[in-house]
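1. Build me a structure from this.
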Amino acid sequence: MLRAQVCSNDELSFLMEAHDGLSATIAQRSGFKGLWASGLSIASSLGYRDANEASWTQLVQSVERIVDSTELPVLVDGDGGFGNFNNARLLARKLRQAGAAGISLEDSCFPKLNSLIGERHPLADIDEFSGRLRAVKDTVADNLVLVARIEALIAGHGLNEATLRAHAYADAGADAILIHSRKSTADEMLSFVAEWRNRLPVVIVPTTYFRTPVSAYRDARISTVVWANHSMRAAAAAMRRICDSIAAQESVASIETHIAPLSEIFELLRYDELAVAEKQYLQPR
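-> Below you'll find the model as predicted:
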């Protein structure tokens, strides 16, 4: 299912961020056909910074809960693979065992720093990162979709460097290219897409150029749009408002109509299935 979405230019697809089982369930209920297990969002939900502070085992455990909570394919933000080729292939193997459908690896150095903060974004050597991709491909073959994420534009190296890296990563076995930009407009990303000419399908993350109409992505024949961190950010904003209100008023009376009723939580997590199962398995025949 993920390969059909990410590895095709025929129709634009969308992946919604998930960081736990509940956010994954809500995304599926809203109609999304695939999920992005966000490194930023998972780290944030665990109280870590997106700087490889959460371990790869914690990432795999979070992905397992996401996978188990829905029937949707999950593309995992694997950062740079948590080390060299050996770490990357181990991560890929464990994600496959956890039920992930794909992994995105970025050409950053370990430890990475979130692409949208600071100026310290050293790039991995092209040949070394290509080795990471080949190791992952040799380990999981076609059992995981392999997306190569290019950070050259983030690091300020420009279009030529991004294109050079894309060709190298395609040769190394990537199934798709994720081109990342933190500009406020899509111009930089679209220039890459025009230069790349869809040698492989292109995945984008329009977190900073959110005002760009989706029609521009369809016109450019982009494969996949990742809404990369929006559930986590929405949850953070909602929790902050509610906590501020309860602390100030020393009461929950005024906020009850502004939060999900417990019945909605019970319905989302299928408490009704448990009740049916109890009748089937706990009651004597």
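
2. When you work out contacts or count neighbours from here on, use the C-alpha atoms and nothing else.
-> Noted.

3. now the stretch 1-150 of the chain, which segments are flagged as low pLDDT?
-> Low-confidence segments of the stretch 1-150 of the chain, defined by pLDDT under 70, are absent.

4. Report the mean confidence score over stretch 214-226.
-> Taken as a whole, stretch 214-226 has an average pLDDT of 97.

5. And it, end to end?
-> When the termini of stretch 214-226 are compared using Cα to Cα, to the nearest Å, they are 12 Å apart.

6. If you count neighbours, what's buried in it?
-> Residues 217-218, 220-226 are the ones in stretch 214-226 that count as buried (16 or more other Cα atoms under 10 Å).

7. ok, now stretch 107-123?
-> Neighbour-count burial for stretch 107-123 flags 107-110, 112-113, 115, 121-123 (criterion: 16+ other Cα under 10 Å).

8. Max pairwise distance over those residues: which two?
-> Looking at the buried residues of stretch 107-123 by Cα to Cα, the two members farthest from one another are Phe110 and Ser115, with 13.1 Å of separation.

9. what's around Glu273, how many residues?
-> 10 (other Cα atoms under 10 Å).

10. hmm, who's touching the helix or strand harbouring it?
-> Glu273 is part of helix 271-281, with elements assigned from DSSP states H and E. Contacts to helix 271-281, defined as Cα atoms under 8 Å, 6 or more residues apart in numbering, come from residues Phe266.

11. need the strands for the protein, in chain order.
-> 13-18, 35-37, 74-77, 102-106, 145-150, 176-179, 202-204, 224-227 (DSSP state E).

12. ok, and what's touching the fifth one?
-> Counting contacts by Cα under 8 Å, 6+ apart, the residues outside strand 145-150 that touch it are 2-3, 75, 101-107, 133, 136-137, 162, 165-166, 169, 173-180.

13. Ala277 and Gln283, how far apart?
-> Using Cα to Cα, which is the criterion applied here, Ala277 is 10 Å from Gln283.

14. Compare those two (neighbour count), which wins?
-> With neighbours defined as other Cα under 10 Å, Ala277 and Gln283 compare such that Ala277 has more, 12 against 8.

15. ok, now how distant is the closest residue to Pro111 other than its chain neighbours from Tyr217?
-> Closest residue to Pro111 in three dimensions, ignoring its sequence neighbours and counting by Cα to Cα, 6 or more residues apart in numbering: Asn52, at 5.6 Å. Look at Asn52 and Tyr217: by Cα to Cα, they are 31 Å apart.

16. Give me the distance between Leu15 and Thr185.
-> Distance from Leu15 to Thr185, counting by Cα to Cα: 20 Å.
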